[in-house]
Every structure is written in C-alpha cells, then in structure tokens.
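**Student:** here is a sequence with its predicted model. Questions after.
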Amino acid sequence: MGKVSLPLEGGCQCGSLRYSLSAPPLMIYCCHCANCQKIAGSAFVVSATVIETAFAFIKGAPAKTEWTSDAGNERYGWFCPDCGCRIAHGQTPSINILSLRAGTFDDTSWVEPVGHIWTKSAQDWFRFDEALLTCEGQPTDYGPYIKTYAAQERF
C-alpha cells in the first residue's frame, strides 16, 4: 500500500458536517466496548486516535452528547445534527486526543487496525486475528499499538 497524503478529510453521511485532519493518526484500532457497540449499532467500531489540535471541522457545526465510558471516563461525542453520523469522541477534561471514527474518512482504503480493545465485551461470534494486538479492557499502555501502527509507515 502506498503513502497517504495530508491533510485527510472526511465527514458525515449526508455531507452537512466536514472535517480536516492535518497530522497522521497515532494508531487505528477496533473497540468492542458496550458503549461503542451501542453508538455504532454494530459489534465494534474502527477508531483512529488523533491529536485534538490537528482536527478541525471545516463545514457545519457538530452536535454534542456526553456519557460515562465503560472505563469510567467522562466522554463526549460529536455528531452531525442532520443525519446523526458520529464523527469523533473526546474526554473531559481534555487529554488532547480524539477517537475519530475511521469510516468517516473520504478515503478509507488505507485504514487498517493494528489491534482490538475491550475484547471481553466482544460478540461471541467474532474471531480475532492472532497477529493483531488485543486487550481485554482499556489498555493502560497504548505504546504497543502506537509502535505497531507507526511501523506501517503510511505517512
């Protein structure tokens, strides 16, 4: 797979909300927590961890919702007020990291998760690729995920 150029752009399903990302993701992973399953209406979500200051909405204004995560963190989510598509999640207080929904990039051909988190909440039918990293809950150290993702040299 070739190199990916910055900035990356993406948006919601209806096109009312658009964003730009000026720095590469730190990692891409799949989350199987109960919150992500509910939010996505699916078995898991594919997230790109990005630096908050590298992310900007360039069209439209997001709506915001708040909740407490399975790990006990106060979280918020930005979504399109028109179509409801989730774009990104952050933490309060800010840790300068966003969890961007990787499926919202305009081009997803380069998106490849390096691992899975919250595997203890995974659907029984899901089979994990043994070559990928896994964590039963919230990782205390994302270093291996970041290192493995950086080794892909996509940017």
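**Tutor:** Here it is on my side, so go on.
**Student:** can you give me the buried ones in the lowest-mean-pLDDT helix or strand in the chain?
**Tutor:** None of the helices or strands of the chain scores lower by mean pLDDT, DSSP states H and E than helix 34-40, at a mean of 88. In terms of neighbour count (16 or more other CB atoms under 10 Å), helix 34-40 has its buried residues at 35-37, 39. For the C-beta atoms, the positions are set from N, CA and C on the backbone; glycine is no exception.
**Student:** got a list of what the residue nearest to the spatial centre of the chain touches?
**Tutor:** Centroid-nearest residue in the chain: residue 47, 2.0 Å away (criterion: CA atoms, centre = their mean). Each residue near residue 47 by CB atoms under 8 Å, 6 or more residues apart in numbering is listed here: 28-31, 36, 89, 99-102.
**Student:** how about the residue lying closest to residue 27 once chain neighbours are set aside, what does it touch?
**Tutor:** In this structure, residue 27 finds its nearest non-sequential neighbour in residue 149, 4.0 Å apart by CB to CB, 6 or more residues apart in numbering. Contact analysis of residue 149 by CB under 8 Å, 6+ apart lists 25-28, 114.
**Student:** what mean pLDDT does stretch 63-82 get?
**Tutor:** Over the span of stretch 63-82, the pLDDT mean works out to 92.
**Student:** err, stretch 12-22, not the other one
**Tutor:** In this model, stretch 12-22 has an average pLDDT of 97.
**Student:** how much space between the closest residue to residue 118 other than its chain neighbours and residue 93?
**Tutor:** Once flanking residues are discounted, residue 118 sits nearest to residue 33: 3.8 Å by CB to CB, 6+ apart. In this view, residue 33 and residue 93 are 21 Å apart by CB to CB, to the nearest Å.
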